[in-house]
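Asker: Here's a sequence, model it:
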Amino acid sequence: MRQEWFRLVDGKAVLPWREWEACLKDIEDLEASGRLGAKAFRVAQGAKVAEVRRSDEKAIEAFAHLLHHGFDEVDARTLSALVKGFEGREGTVEPRFWEAPAHRLNSYRTIMSRQNAKLGPTFVFQALEDDLDQVLRLNLLRMSWVMGLGAGVQVPYARSQIDVKGKAWPVSHALQEMGGMLAQGRPGFLGKGETSALQGLLKGIAGIGGPEMSPDGILDLARAADLGTDQDGDLVVFWPLGKEERVEKKRLRSWYEDSFRLGSQLLAFKVMMLAHVVGKAGGISPGGALLGD
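Answerer: Take a look at the predicted model:
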């Protein structure tokens with residue numbers, strides 16, 4: 001079955017969901033924004049979940065509140081830069097921005113299915129590395145930027161993704177930025193439950209790879225080492241100069257499960273953010289993007 005995702009209608013990117021239409025009617029409506037996020041989360045998770053958990057609901061409520069206040073601070077120049085970036089025309093070109101979550105979901109189902117329980121850990125590691133880099137890292141940086149707007153921190157959107165030297169910010173940058181603001185009670189409009197939900201999200205992401213590694217450590221490992229499998233089916237990491245270490249396959253799969261669920265929350269945030277951009281700009285036309293499944 002095809003997964004409903006963004007499609008071009010009269011040259012504009014549109015989600016064929018009633019929740020999308022309801023949110024666009026009034027992007028100031030927190031409940032409509034939250035319902036859109038819940039729908040996007042369920043689509044990203046697929047049939048793996050029958051309903052959204054309370055922890056997911058609280059996180060999505062916090063996302064709606066962040067976007068509500070953050071986009072009050074988005075001026076015409078900032079909005080134009082966002083639209084151009086999301087359309088792939090100028091400035092920061094968002095990698096795989098319009099990719100349907102069906103591809104990610106299919107990979108997850110394949111790797112985690114019972115018949116593939118003994119699938120080599122290198123496959124799991126590659127899927128984990130991709131999810132951390134393309135879903136969690138990028139969307140966490142977007143969320144950090146929106147949170148900063150609500151806290152009175154005005155930074156160009158492009159600088160939320162890359163530093164002054166053009167290097168992509170790591171996961172830890174967003175974790176530190178957001179964690180620091182929340183610890184200081186910023187943004188001040190967040191309720192206690194919303195703050196707790198966001199802190200739980202950050203803690204969950206920071207814990208992927210722990211206690212030996214961090215999310216950034218996993219991404220660094222993917223770039224700096226060769227991978228193999230030992231006789232027990234665990235991951236073997238071959239570092240330069242003969243150094244080796246092992247990661248148990250059970251722990252690797254657990255990290256991947258955590259990454260998948262938290263990444264689904266962040267994909268929901270991206271959809272909610274897109275609705276706010278479309279609502280303010282009147283539409284986005286990602287020319288040349290492959291929309292849908």
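Asker: Only C-alpha atoms from now on, for both contacts and neighbour counts.
Answerer: Noted.
Asker: In space, what's closest to residue 61 - neighbours in sequence excluded?
Answerer: residue 34 (5.7 Å; CA to CA, 6 or more residues apart in numbering).
Asker: now residue 256
Answerer: The nearest residue in space to residue 256 (CA to CA, 6+ apart) is residue 128, at 5.3 Å.
Asker: where in the stretch 151-293 of the chain is pLDDT low?
Answerer: 224-225, 239-242, 288-293 (pLDDT under 70).
Asker: hey, where'd the strands end up in it?
Answerer: In the stretch 151-293 of the chain, the strands defined using DSSP state E, counting those that start in this stretch lie at 226-229, 235-238, 244-247.
Asker: picking up where we left off before, give me the neighbour count for the residue nearest to residue 61.
Answerer: Residues near residue 34, counting by other CA atoms under 10 Å, number 25.
Asker: coming back round to it: from the strands of the stretch 151-293 of the chain, pick the one with the highest average neighbour count.
Answerer: strand 235-238 (a mean of 20; mean count of other CA atoms under 10 Å).
Asker: How far does that strand sit from its chain's centre?
Answerer: 27 Å (CA atoms, centre = their mean, to the nearest Å).
Asker: Please list the outside residues in contact with it.
Answerer: By CA atoms under 8 Å, 6 or more residues apart in numbering, the list of residues contacting strand 235-238 from outside reads 121-122, 225-230, 244-249.
Asker: about what we covered before: what's the distance between the residue nearest to residue 61 and residue 170?
Answerer: Distance, residue 34 to residue 170, using CA to CA, to the nearest Å: 28 Å.
Asker: that older thread, can you tell me the element the residue nearest to residue 61 falls in?
Answerer: helix 30-45 (DSSP states H and E).
Asker: Now do the buried residues in that helix.
Answerer: The neighbour-count check on helix 30-45 (16 or more other CA atoms under 10 Å) flags 30, 32-45 as buried.
Asker: mean confidence score for it?
Answerer: Throughout helix 30-45, pLDDT has a mean value of 95.
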